[in-house]
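Chemist: just coords:
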């Protein structure tokens, strides 16, 4: 059964990859740009999923880490002329260190309390950016003149070129995060989510794994920030507001907490549905909100929920045979 | 052999401003089964949780294997050999039986040895093997207790802490589980510290016992002596001579 799920998943990913590769042939620049936006949100939602879905830590300030990454990239690029894609590691590290520092005193908080604290964190970061902290962030205007990314001497500037850059990053991320899910680290996060006391009592260093989840999730959001800065060439605080954090939270819950394909589907729907509902004109967000409410009532576990049964039968047989 | 494996001296624990333990002295030797008895709210579970590290003591000492253990976090104590089957079992209902057992071995890394321990646990509790692919939340109360004990044993502990293993179980099932506990103790020499309200069953299993009342130890001694003590009989064994 596990094998069949894996096959189905592989087929799903292959179809999605084929669609992305072929998209420039039948989609116009507008829809390609929507797809780029989807790709960035998929990355952000997957990074939040590590924290919210896998470790069960209610983080509603994820846009803060996204902002830290984007601004790190923008500052390094515009002030020190470092090629934008080369700033990826720096964005990851700065966002991760920032997350580890701010999360350290609060990660032991339970669900709703942590939620309130992270909302505060998101707002503090946004306001700090508006107020031009350290004279680096350009205040409410933000930073402009970020250079275009170069890949092997080729300048990326048109939507379909960004499409391949962003979605290549998505592919790598999905692959890595699936590996992570199966690892000791991934298992520890799941135990932590299900019952922190029992996990600690079984030898899981819960404080450390919580921090690691925050740091890793933030690192990925930070790198996504770099891609965003490269695509827009201009960034400003309004792109990293509270609503951004809410939307990411929504994608994870809607798609299925802890499930990588679920979160991808969640991100796609949350970005694409409002576009599809453009026919309803000003009522489109209303329709979108209604769809979401119905979803949560009808299918509270998410669209593609996380499945826990994932031991290989051979593994079980070996233990059974030796008894 | 003379020095106790696990010891508390003047152990105090506070919940906010209320002191729940007013100085507990316990000494458990290697290979012993020790029962801590007492009524609701006497501080039995609090004592156990301080030993496992889930609660921070406000005073006194905990010594394990001759060294102070008070500053060591709970997950690290599991690595050092103190594993606990917590009150209310706290198994992972959304994981399978087998995955719960695998979690118990989180501190260990040798795959073959972990499989061997799992096989041994399936032998002790055969019902766990037949239900190994079932979600743990669908097990009966007794099976969940077996799983909680099995999960703690997966860490290959030197000291097994059990918090109310008989809670909510039918008397026959309690008897079967306690018989298995004795078997485990005899087979592996693992030290067992057991907190129980079911004094009769606990004293039958244990070598020695402590009786707690409102945060203090009021009696201690060999299990047989405690079982025939008139005060214990009156308070915990329903006034009749123990079986």
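Modeler: Everything's here; your move. Fair warning: this is a prediction, and the values are worked out from it, not measured in the lab.
Chemist: can we go C-alpha only for contacts and neighbour counts from here?
Modeler: Will do.
Chemist: what's around residue 98, how many residues?
Modeler: In the absence of a named chain, this looks at chain A. Residue A:98 is flanked by 19 other residues according to other Cα atoms under 10 Å in any protein chain shown.
Chemist: that's the wrong chain, I meant chain B
Modeler: Neighbours of residue B:98 under the rule other Cα under 10 Å: 24.
Chemist: for chain A, longest helix please?
Modeler: With DSSP state H setting the assignment, residue counts place helix A:206-232 as the longest helix in chain A.
Chemist: check chain B too.
Modeler: Chain B, longest helix under DSSP H: helix B:171-188.
Chemist: now for it, which elements pack on it?
Modeler: helix B:199-205 (3 or more Cα pairs under 8 Å, 6 or more residues apart in numbering or on different chains; DSSP states H and E).
Chemist: would you mind giving the secondary structure of the residue nearest in space to the middle of chain A?
Modeler: The centroid of chain A falls nearest to residue A:44 when counting by Cα atoms, centre = their mean (2.0 Å). Three-state call for residue A:44 (DSSP: H, G, I helix; E, B strand; the rest coil): helix.
Chemist: could you verify my assumption that it touches residue A:226?
Modeler: No. Residue A:44 sits out of contact with residue A:226 when judged by Cα atoms under 8 Å, with a separation of 11.8 Å.
Chemist: who in chain B is up against chain A?
Modeler: B:52, B:54, B:74-79, B:83-84, B:86, B:90-92, B:94-96, B:103-107, B:115-116, B:118-120, B:122-123, B:129, B:152, B:155 (Cα under 8 Å from any Cα of the partner chain).
Chemist: among these, which are in helices?
Modeler: The helices in this structure, assigned by DSSP H, contain B:52, B:74-79, B:103-104, B:115-116, B:118-120, B:122-123, B:129, B:152 from the residues of chain B next to chain A.
Chemist: buried among these? Make that a ChimeraX selection.
Modeler: Those of those that count as buried under 16 or more other Cα atoms under 10 Å in any protein chain shown are selected in ChimeraX with:
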select /B:52,74,75,76,77,78,79,103,104,115,116,118,119,120,122,129,152
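Chemist: quick one on the thing from earlier: name the nearest residue to the residue nearest to the centre of chain A, sequence neighbours excluded.
Modeler: residue A:221 (5.4 Å; Cα to Cα, 6 or more residues apart in numbering or on different chains).
Chemist: tell me which element residue B:212 is part of?
Modeler: strand B:208-213 (DSSP states H and E).
Chemist: hmm, I typed the wrong one, I wanted residue A:12.
Modeler: helix A:2-26.
Chemist: then residue A:294?
Modeler: Going by DSSP H and E, residue A:294 is in helix A:284-298.
Chemist: which residue is it, in the stretch 101-250 of chain A, that comes closest to chain B?
Modeler: Closest contact between the stretch 101-250 of chain A and chain B, by Cα to the nearest Cα, is at residue A:203 (3.8 Å).
Chemist: just confirm that residue is within a helix.
Modeler: No. Counting by three-state DSSP, one finds residue A:203 to be coil, located in no helix.
Chemist: excluding residues flanking it in the chain, which one is nearest it?
Modeler: residue B:75 (3.8 Å).
Chemist: for the one you found, give its distance to residue B:193.
Modeler: Residue B:75 sits 18 Å away from residue B:193, going by Cα to Cα, to the nearest Å.
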